[in-house]
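Trainee: A structural model of the following input is requested.
(one chain, ligands or ions: 1)
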Amino acid sequence: MSELNIFLGPPGAGKGTQALKIASEFDLAHISTGDMLREHVSSATELGKIAKSLLDEGNLVPDELVIEMLLERLNNEDCKNGAILDGFPRTLPQAKSLESLDKEFPVAKVFVFEVNEDELIKRILLRGEMTGRSDDTEDSIKVRFEVYKKDTQPLVDFYNEKNLVNVIDAVGEVEDIYNSISRHFK
Ligand code: B4P
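Mentor: Numbering: from 1, shown residues only. I've put the predicted structure just below:
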């Protein structure tokens, strides 16, 4: 049995930053569906060709494609000790797809990152300037926030009903936020 830990939160909330640190400290696989999709785009795979414009606009990639990609990834040897899911699930169908894996890959904890919108915009635009990431633009940010509210935020209630949610105040120093998450893994 390999436990899954879900990092849920709006774009720019620091999920990726914290997932990297927690995964490395506790020997867990770090699975970022955003990173995986960007790799598909840069290698111009069939999935990458479908995903490119959706990512750039700030829209989600269709559930069936992301679910298939995730399920395949969970077969990797590095998931045996458990994994951090960074950016998955993002919709109710995606969350339900995990329920069907409950025996082998139960969801152990869900961390909900809370950051106000002004701070999120600041972080994303700064990253856009520094890295040139093609979805870190004002137009795409607007869409990403709308999509988050409509499709992803309902998952907080979904996991609250299962008593799995830990709310994280994700504004402040990276190290302080890391400490508030890591204590749940000790
Ligand atoms: P992601 O790559 O997951 O992008 P995101 O949600 O926008 O998160 P991001 O990487 O910005 O967040 P982080 O919080 O780490 O997804 C990109 C796209 O892929 C989606 O829009 C969608 O199209 C597609 N996709 C991915 N998963 C999908 C799924 N399951 N289903 C369908 N489509 C999917 O960024 C934080 C930034 O803030 C960083 O620059 C960091 O340096 C900075 N930061 C972190 N902590 C900070 C702190 N404490 N203070 C200040 N700055 C901080």
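
Trainee: please make it C-alpha for all contacts and neighbour counts, starting now.
Mentor: Fine.

Trainee: and the contacts of the longest strand along the chain?
Mentor: Looking across the chain with DSSP state E, the single longest strand is strand 107-114. Here strand 107-114 makes contact (Cα atoms under 8 Å, 6 or more residues apart in numbering) with 3-10, 13-15, 98, 156, 159, 164-171, 181.

Trainee: and with 7 Å instead?
Mentor: 3-9, 13, 164-170 (Cα atoms under 7 Å, 6 or more residues apart in numbering).

Trainee: just those residues now: which is nearest the ligand?
Mentor: For the contacts of strand 107-114, the closest approach to the ligand (Cα to the nearest ligand atom) belongs to residue 13, at 3.7 Å.

Trainee: ramachandran angles for that closest one?
Mentor: Dihedral angles of residue 13 (phi, psi; degrees, to the nearest 10) stand at phi -80, psi -10.

Trainee: write out the residues of the chain neighbouring the ligand.
Mentor: Counting by Cα under 6 Å from any ligand atom, the chain comes close to the ligand at 10-17, 33-35, 54-55, 58-61, 66, 87-90, 123-124, 127, 144, 171-174.

Trainee: just after the helix or strand hosting residue 129, pick out the following helix or strand.
Mentor: Using DSSP states H and E, the element containing residue 129 is helix 117-131. Once helix 117-131 ends, the next helix or strand along the chain (criterion: DSSP H and E) is helix 138-147.

Trainee: ok, and for that next one, which residues are buried?
Mentor: Neighbour-count burial for helix 138-147 flags 140-141, 144-145, 147 (criterion: 16 or more other Cα atoms under 10 Å).

Trainee: return the member of those nearest to the ligand.
Mentor: residue 144 (5.9 Å).

Trainee: so who does that closest one touch?
Mentor: Contacts of residue 144 (Cα under 7 Å, 6+ apart): 11, 58-59.

Trainee: ok so, going back, just the buried members of the contacts of strand 107-114?
Mentor: In the contacts of strand 107-114, burial by neighbour count holds for 3-9, 13, 164-166, 168-170, counting by 16+ other Cα under 10 Å.

Trainee: hang on, residue 10 packs against residue 148?
Mentor: Yes: here residue 10 reaches residue 148: they are 6.1 Å apart, a contact under Cα atoms under 7 Å.

Trainee: how far off helix 117-131 does the longest strand of the chain point, in degrees?
Mentor: 100 degrees (axes from the mean of the first three to the mean of the last three Cα atoms, to 10 degrees).

Trainee: now strand 107-114: mean pLDDT?
Mentor: Mean pLDDT, strand 107-114: 98.

Trainee: got it, and stretch 42-52?
Mentor: Taken as a whole, stretch 42-52 has an average pLDDT of 98.

Trainee: contacting residues around it?
Mentor: Residues outside stretch 42-52 that contact it (Cα under 7 Å, 6+ apart): 37, 40-41, 61.
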